[in-house]
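> the following block contains a protein sequence and its predicted model.
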Amino acid sequence: MLKGRSILLIIGGGIAAYKSAELIRLIKKSGGGVRVILTKAGSEFVTPLTLASLSGEKVYDHLFSLTDEIEMGHIELSRVADLVVVAPATADLMAKAANGLANDLASTTLLATDKPVLMAPAMNVRMWLHAATQRNLATLRADGVTFVGPNEGDMACGEYGPGRMAEPAEILAAIDEMFGSGAIPMPAPPPVKELAPPRGPLAGKHVLITAGPTHEPIDPVRYIANRSSGKQGYALAEAARDLGARVTLVSGPVSLPPPAGVMLVRVETAREMNEAVEAALPADIAIFAAAVADWRVKAEAGQKLKKDGKAIPPLELAENPDILARIARHPSKRPALVVGFAAETEKVVEHAQAKRARKGCDIIVANDVSPGSGVMGGDRNRVHILGDAGAETLPEMDKAAVARALIARFAVTLARKES
């Protein structure tokens, strides 16, 4: 599968570094060669001896080693590789690469390389969702870096969420896909071709989409939510991807699989979604399909509320951020096209028109979610598109077809705005 291919593996510091040993074994088993750069932090979790034994190559760990700079310096290390893989890609390594810093062998090699780079992020969920990390992620993606993961699950720190490094088998599959897709040419060792540019009317555009419900905690076991499944938002993300866009999907809690080729940011509450949306800017199109809870409990209980036969515990509510209105009126990063969704149970078009004026967005997509419509959680939808040109009603279709029709119209609208 990887016969004749040379991989330069950069191992960052984190508990996930132990998985790098298995990744080396899988690459070797697939016929590839591996050279390893081990960061100082990475050596706290896995030893150079282990990595050298598995790779059959010397492990490089110091920028200013005279012998290494003569025999195999940081420039040459990247030149002899077909692909640079960073696993685990820590928040620190991502920040250095995104900002062009070069103060150790790993970061210097990343700055010096002209080869494709694949990163497998691994960090605490709070670090992953932090605005700085998401900005660095967007910068690296714009620079052509490919990502695999992170996955969602239990953390070594005891938290749960996105941030777990992809499994070695997943990283191997991503490596194989990069070779097999033509991103890295066959046969070796000709110079690496540029990654094929995306094609379609949204090529080179960044589309930001929100999807799903938000969960607003009442106590550790209860929350305020709605019946949104996220299906329409996820279908929109896939449709935008298929038209060539770089897509960031900010999703509330849903049971849907991550769309391939889409940057997925998982959140739970409206406030987390608000922060994730801000971190994902700038964008050319922003589509707010999520059913964000309007209110949250002002003071979440630290322990489960008990029914003790006395008075019902009062729940004082506070208003959640109005994400759509805030982005539609953003002072510096307003997308060229801002699209809202209006889920209504009566006077659908009338209420949606009022919402469009109130929020300040360019387009509102309205649908009927009244009991019996089957839209919330269902597979079909019938929408009304309200904009400057008036109202257009699409026939009832499955949500994937609705998404394709909507994204095609949004692409045309964006092109008109830009021209």
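Yep, that arrived. From a predicted model like this one, the values you see are computed outputs, not experimental measurements. Numbering: from 1, shown residues only.

> what secondary structure does Ala279 sit in?
Counting by DSSP: H, G, I helix; E, B strand; the rest coil, the backbone at Ala279 sits in helix.

> likewise for Leu111?
What three-state DSSP gives for Leu111 is helix.

> number of nearby residues for it?
15 (other Cβ atoms under 10 Å). Every residue, glycine included, has its C-beta placed from N, CA and C.

> distance of it from Val117?
11 Å (Cβ to Cβ, to the nearest Å).

> go on, Ala235?
30 Å.

> comparing those two, which residue is more hemmed in?
The residue with more neighbours, out of Ala235 and Val117, is Ala235; 26 against 22, by other Cβ under 10 Å.

> state the pLDDT value of the nearest residue to Asp294 once chain neighbours are set aside.
Excluding the flanking residues, the one nearest Asp294 by Cβ to Cβ, 6 or more residues apart in numbering is Asn320, at 6.1 Å. pLDDT for Asn320: 96.

> please renumber the chain so that the first residue is 45 from this point on.
Sure, I'll start numbering at 45, so the last one becomes Asn364.

> determine the residues that are contacts of both of Leu155 and Val161.
By Cβ atoms under 8 Å, 6 or more residues apart in numbering, Leu155 and Val161 have these common neighbours: Ala141.

> worst-scoring helix or strand of the protein, pLDDT-wise?
Within the chain, no helix or strand scores below helix 110-115, which has a mean of 48 by mean pLDDT, DSSP states H and E.

> can you give me the neighbour number for the residue nearest to Asp338?
With other Cβ under 10 Å as criterion, Asn364 counts 19.

> in the stretch 195-344 of the chain, mark out all the strands, start to finish.
195-198, 204-208, 250-255, 260-263, 266-268, 290-295, 307-310, 329-332, 339-341 (DSSP state E, counting those that start in this stretch).

> out of those, which is closest to Leu359?
strand 339-341 (5.4 Å; Cβ to Cβ).

> quick one: contacts of that closest one?
260-262, 268, 313-315, 359-364.

> point out where the stretch 95-244 of the chain drops to low pLDDT.
107-120, 122, 198-205, 225-242 (pLDDT under 70).

> if we use 80, what do you get?
105-124, 196-205, 223-243 (pLDDT under 80).

> where do the helices of it begin and end?
110-115, 118-123, 135-143, 149-156, 169-173, 175-186, 212-224 (DSSP state H, counting those that start in this stretch).

> for stretch 73-84, list the C-alpha coordinates in CSV.
Provided in CSV are the C-alpha atoms of stretch 73-84 (Å, rounded to 0.1, in the frame of the first residue of the first chain):
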residue,chain,number,x,y,z
LYS,A,73,3.9,-3.2,7.6
SER,A,74,2.4,-1.3,4.6
GLY,A,75,5.7,-1.1,3.0
GLY,A,76,6.5,2.5,3.8
GLY,A,77,9.6,4.0,5.4
VAL,A,78,9.5,6.2,8.5
ARG,A,79,11.9,8.8,9.9
VAL,A,80,11.0,10.3,13.2
ILE,A,81,11.4,13.8,14.7
LEU,A,82,10.7,13.6,18.5
THR,A,83,10.0,16.8,20.3
LYS,A,84,11.3,17.4,23.8
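
> which helix runs longest in the chain?
Assignment by DSSP state H gives helix 443-462 as the longest helix of the chain.

> in JSON lines, list the strands of the stretch 195-344 of the chain along with mean neighbour count and distance to Arg378.
Putting the strands of the stretch 195-344 of the chain into JSON lines (neighbours: other Cβ atoms under 10 Å; distance: least, Cβ to Cβ, whole Å) gives the following:
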{"stretch": "strand 195-198", "mean neighbour count": "13", "distance to Arg378": "31"}
{"stretch": "strand 204-208", "mean neighbour count": "20", "distance to Arg378": "27"}
{"stretch": "strand 250-255", "mean neighbour count": "29", "distance to Arg378": "12"}
{"stretch": "strand 260-263", "mean neighbour count": "18", "distance to Arg378": "27"}
{"stretch": "strand 266-268", "mean neighbour count": "18", "distance to Arg378": "29"}
{"stretch": "strand 290-295", "mean neighbour count": "26", "distance to Arg378": "16"}
{"stretch": "strand 307-310", "mean neighbour count": "21", "distance to Arg378": "20"}
{"stretch": "strand 329-332", "mean neighbour count": "28", "distance to Arg378": "8"}
{"stretch": "strand 339-341", "mean neighbour count": "18", "distance to Arg378": "26"}
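
> so which of those strands is nearest Leu95?
strand 204-208 (21.3 Å).

> ends of stretch 287-297, how far apart?
End-to-end distance of stretch 287-297: 26 Å, with Cα to Cα, to the nearest Å as the criterion.

> for it, what is the average pLDDT?
On average, stretch 287-297 scores 95.

> break the chain into its domains for me.
50-224, 250-462 (automatic domain parsing).

> kindly reformat those as TSV containing distance to Gly244.
As requested, the domains of the chain are exported to TSV (distance: least, Cβ to Cβ, whole Å):
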stretch	distance to Gly244
domain 50-224	17
domain 250-462	3
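
> am I right that Glu436 is in a strand?
Yes - judged by three-state DSSP, Glu436 forms part of a strand.

> ok, it touching Ala410?
No - if you go by Cβ atoms under 8 Å, Glu436 and Ala410 don't touch, sitting 10.9 Å apart.

> comparing those two, which residue is more hemmed in?
Ala410 (25 against 12).

> check what contacts the helix or strand encompassing that one and list those residues.
Using DSSP states H and E, Ala410 sits in strand 407-412. Strand 407-412 is contacted from outside by 333, 381-389, 392-393, 395-397, 399-400, 419, 425-431, 450, 454, 457, using Cβ under 8 Å, 6+ apart.
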